[in-house]
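[1] Could you work out the structure for the sequence below:
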Amino acid sequence: MKSEAVTRLSLAIIMFVLASFMPNWWSISIVSFVGLYSLVTGFIKLRKVDKP
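    Numbers count the residues shown, from 1 in each chain. Below is the predicted model:
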């Protein structure tokens, strides 16, 4: 479960880096939205794992 959360967080970072190299606004918004979704779900999964 923790490895899945770490994978989502690293995927979010990769998506944000890729969005900085995108040429047009619609692709930037789509990639950023997917990255934001991965970031939020990764943090939620990490909080669930860390709770006793």
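
[2] C-alpha from now on. contacts and neighbour counts both.
    OK.

[3] In space, what's closest to S20 - neighbours in sequence excluded?
    Across the structure, with Cα to Cα, 6 or more residues apart in numbering as the measure, the residue nearest S20 apart from its sequence neighbours is I28 (7.5 Å).

[4] Let me know the pLDDT of the one you found.
    Note on I28: pLDDT of 89.

[5] Count the residues that sit near S3.
    The burial metric for S3, expressed as a neighbour count using other Cα atoms under 10 Å, is 11.

[6] Could you measure from it over to G35?
    17 Å (Cα to Cα, to the nearest Å).

[7] In space, what's closest to the residue nearest the centre of the chain - neighbours in sequence excluded?
    Here the mean C-alpha position of the chain is nearest to the C-alpha of A12 (Cα atoms, centre = their mean), at a distance of 2.4 Å. In this structure, A12 finds its nearest non-sequential neighbour in G35, 4.2 Å apart by Cα to Cα, 6+ apart.

[8] so who does the one you found touch?
    Taking Cα atoms under 8 Å, 6 or more residues apart in numbering, we find G35 in contact with 11-16.

[9] I'd assumed G42 was in contact with V6.
    Yes. Applying Cα atoms under 8 Å as the test, V6 and G42 come out as touching, 6.7 Å apart.

[10] Show the pLDDT at the residue nearest to the centre of the chain.
    The predicted structure scores A12 at 91 on the pLDDT scale.

[11] contacting residues for it?
    Shown here is A12, whose contacts under the criterion Cα under 8 Å, 6+ apart are 34-39.

[12] again, only this time at 10 Å
    6, 18, 31-42 (Cα atoms under 10 Å, 6 or more residues apart in numbering).
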